[in-house]
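**Q** dropping the sequence and predicted coords here.
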Amino acid sequence: MYAVVQIGKDQFKVTEGDLINVDLMKEENGKKISLDNVLLYAKGSDIRVGQPTLSDVKVEAEVDKQTLGEKVVTLKYRRRKDSATKTGHRKKL
């Protein structure tokens, strides 16, 4: 059994017991949430596709922890100008 859910602007294929990293949400750690934007549901030969979402299927999830993602470093280098800019950020998950 699996489902495809939309959280924010991203879509995730989830099954029972999966741990996924999503963008920062307003809920606190340990809180149970219900994901209503289910785009596809499949269990054996029963496959249902929403137009655009399924109204009778909901996915229950729990917020595990809020953390920072991996550091992303960007370097902008201008040749022969003696100029370089190094920046970076960490996405909130």
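**A** Now that the structure is in, tell me what you want to look at.
**Q** what about residue 41, distance to residue 8?
**A** 20 Å (CB to CB, to the nearest Å). All C-beta atoms are positioned from the backbone trio N, CA, C, and that covers glycine.
**Q** the two - which one has more neighbours?
**A** Per other CB atoms under 10 Å, whichever of residue 41 and residue 8 has more neighbours is residue 41, with 19 against 10.
**Q** which secondary structure element contains that one?
**A** strand 38-43 (DSSP states H and E).
**Q** contact partners for the residue nearest to the spatial centre of the chain?
**A** By CA atoms, centre = their mean, the chain has its centre lying nearest to residue 22, at 3.0 Å. Shown in contact with residue 22 (CB atoms under 8 Å, 6 or more residues apart in numbering): 7-8, 10, 12, 93.
**Q** just residue 66 next, same as before
**A** So residue 66 contacts 24-25, 29, 92-93 (CB under 8 Å, 6+ apart).
**Q** show me what counts as buried in the strand holding residue 41.
**A** 38-41 (16 or more other CB atoms under 10 Å).
**Q** ok, stretch 67-87 next?
**A** Per 16+ other CB under 10 Å, stretch 67-87 contains no buried residues.
**Q** residue 65 against residue 29, yeah?
**A** Yes: with contacts counted by CB atoms under 8 Å, residue 65 reaches residue 29, the gap being 5.5 Å.
**Q** low-confidence stretches in the protein?
**A** Confidence mapping of the chain against pLDDT under 70 gives zero matching residues.
**Q** what are the ranges of the strands in it?
**A** Under the criterion DSSP state E, strands of the chain are mapped to 2-7, 10-14, 32-35, 38-43, 46-49, 59-62, 68-78, 83-92.
**Q** starting at the chain centroid, how far to the last one?
**A** To tie it back to what came earlier, the one meant is strand 83-92. 22 Å (CA atoms, centre = their mean, to the nearest Å).
**Q** quick check: the closest residue to residue 76 other than its chain neighbours vs residue 70, distance?
**A** With sequence-adjacent residues excluded and distances taken as CB to CB, 6 or more residues apart in numbering, residue 76 is closest to residue 85, at 4.5 Å. Distance, residue 85 to residue 70, by CB to CB: 21 Å.
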